[in-house]
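> Give the three-dimensional model of this entry:
(one chain, ligands or ions: 1)
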Amino acid sequence: MTHESSPRPAQTEPPPLLPGSHPSERHAFLHYLGQHMGATMRLMMLTGAVAYFALVACGELVGHSGVPLLLRAAPLLPLVVIAWRAFFIADPLRLSVLGLVAVVVVEVGIGLNGYKHSQGALWVLPAYVMVPLATGAVWLWRWDFILAMALSVLGPLPLLLADPAMPTLLAEYLMYMGIALVAAVIVHSLMDDVLHKHFRLEQQLRERAYTDDLTGLLARNRFLELAAARLAHTVHQGGPVCALYLDADHFKQINDRHGHALGDQTLVALADVMRHHLRPLDLIGRVGGEEFAVLLPGLAQDEAVAVAERIRQAMHGIRLPDGTLTVSIGVAAQLPEQSLHELLAAADAALRQAKRNGRDRVEIAGTLSARFA
Ligand SMILES: Nc1nc2c(ncn2[C@@H]2O[C@H](COP(=O)(O)OP(=O)(O)OP(=O)(O)O)[C@@H](O)[C@H]2O)c(=O)[nH]1
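Numbers count the residues shown, from 1 in each chain. Reported below is the predicted structural model:
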């Protein structure tokens, strides 16, 4: 089998797999992060507010602080507001920024609880160490993780430096904070790795489900999904839309006479011809074994018929051992209020008519006479 038409790149070329290496890929990864980590971040902010409440309450029970209770409890208000706001935010970037603000508030609050306390900084040091341990896994990027860790490390320094037992406490603090930081780095790296791997895997699976393996065209369900959206968009803008239904003629004979492998090659060549004669904004789907559907946004019926005719003639360039490939094509123009399903059904009916009228022809929906032979 030879093919005279020069092929163009596949319509659904897989995107690069490294998150961030392509704008659409980066956007998809951000969306993925928002979906998968958003709930964890919100929960962590809520936990932060509850934990801070526990710190203030326990502090009141176990020791005497020189800072008034009202002032120590004050950070609860922004923490609750932050946790509440987080439930209405889906954007991962904004969630991260909100999370960092929560860390600052918590750090300041912990400081207030340790300041002028009967047991000094000793009472609140564990709370400082808890921050990197508890939040290490939730930061979505490197920058927010580094900022959160830096805030955690620096937060208690004013309190420590003001404490009379500073040298011993500082050594103790550095040891425990060091351990907490190492643990946070490990957990964050593992989480980052898992998220990236899962994202890539999900992308690959989606690509496979969206694309027809043999021809690289859109798989049936993906075609219908995209076509419905593009039809609605074009109709909304007041433009015409047409659909084509294309079927290879006597394809069973090609398989039977020359083998399935040549049949496959013929389908690949057929897909290349379609891609070659259609615009990037047209959608081409393999909707059956040797059946293809095309959505032509912005084209009126006459233009769609001309496109279909060019495709039909170009298929003669696909040479088989005993002749050339021929196809039959049905064309339908979208009528007012017509759904995608109805539009494709009309194109399919026109295709059946083309088969009945002798094949290797283009037929228009709603007209029973042969237009091209
Ligand atoms: N090689 C190959 N053949 C396929 C594939 N998918 C479907 N077919 C074959 O396509 C043929 C379709 O045959 P029919 O539906 O009888 O239609 P036809 O022989 O093309 O006849 P008309 O459509 O009436 O012109 C069947 O033999 C299927 O096995 C595929 O992926 N590869």
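
> Which single residue in the stretch 101-250 of the chain comes nearest to the ligand?
D249 (4.2 Å; C-beta to the nearest ligand atom). Yep, even glycine has a C-beta here, placed from its N, CA and C like the rest.

> Can you report phi and psi for that residue?
Dihedral angles of D249 (phi, psi; degrees, to the nearest 10) stand at phi -80, psi 140.

> give the contact list for it.
D249 makes contact with L325, T326, V327, S328, K355, R359, D360, according to C-beta atoms under 8 Å, 6 or more residues apart in numbering.

> So which of the residues you listed belong to strands?
Here DSSP state E is the test, and the contacts of D249 give V327, S328 as lying in strands.

> Could you list which of the contacts of D249 also contact the ligand?
Intersecting the contacts of D249 with the surroundings of the ligand, defined as C-beta under 6 Å from any ligand atom, gives K355, R359.

> Drop anything exposed from the contacts of D249.
Buried positions within the contacts of D249, assessed by neighbour count (16 or more other C-beta atoms under 10 Å), are L325, T326, V327, S328, D360.

> Going by distance to the ligand, which of those wins?
Checking these one by one against the ligand (C-beta to the nearest ligand atom), the nearest turns out to be S328, at 6.9 Å.

> Apart from its neighbours in sequence, what residue is nearest the closest one?
In space, not counting the residues next to it along the chain, S328 is nearest to A354; the distance is 3.9 Å by C-beta to C-beta, 6 or more residues apart in numbering.

> again with V124
The shortest distance from V124 to any non-neighbouring residue, by C-beta to C-beta, 6+ apart, is to G114 (3.6 Å).

> got the contact list for that neighbour?
Applying C-beta under 8 Å, 6+ apart, the residues contacting G114 are G120, A121, W123, V124, L125, P156, L159.

> In CSV, list the residues you listed along with distance to the ligand and secondary structure.
Formatted as CSV, the contacts of G114 follow (distance: C-beta to the nearest ligand atom, whole Å; DSSP: H, G, I helix; E, B strand; the rest coil):
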residue, distance to the ligand, secondary structure
G120, 77, helix
A121, 73, helix
W123, 72, helix
V124, 69, coil
L125, 68, helix
P156, 67, coil
L159, 72, helix
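
> rewinding a little: now the two most distant members of the buried ones among the contacts of D249.
In terms of C-beta to C-beta, the buried ones among the contacts of D249 reach their longest pairwise distance at L325 and S328, which sit 11.4 Å apart.

> Quick check: ChimeraX command selecting the buried ones in the contacts of G114.
The following ChimeraX command selects only the buried members of these, with burial defined by 16+ other C-beta under 10 Å:
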select :120,121,123,124,125,156,159
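
> returning to what we had before: can you lay out the contacts of D249 as TSV showing pLDDT?
Output for those, formatted as TSV (pLDDT from 0 to 100):
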residue	pLDDT
L325	97
T326	97
V327	98
S328	98
K355	97
R359	97
D360	98
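
> What is the most widely separated pair among the contacts of D249?
L325 and K355 (15.0 Å).

> returning to what we had before: now tabulate the buried ones among the contacts of D249 in TSV and tack on distance to A49.
What follows is the buried ones among the contacts of D249, written out as TSV (distance: C-beta to C-beta, whole Å):
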residue	distance to A49
L325	68
T326	71
V327	65
S328	67
D360	72
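
> Now flag whichever of the residues you listed is closest to M166.
The shortest approach to M166 among the buried ones among the contacts of D249 belongs to V327, at 85.3 Å (C-beta to C-beta).

> Is that closest one bridged to anything, and to what?
As for beta bridges, V327 partners with A248 under DSSP bridges.
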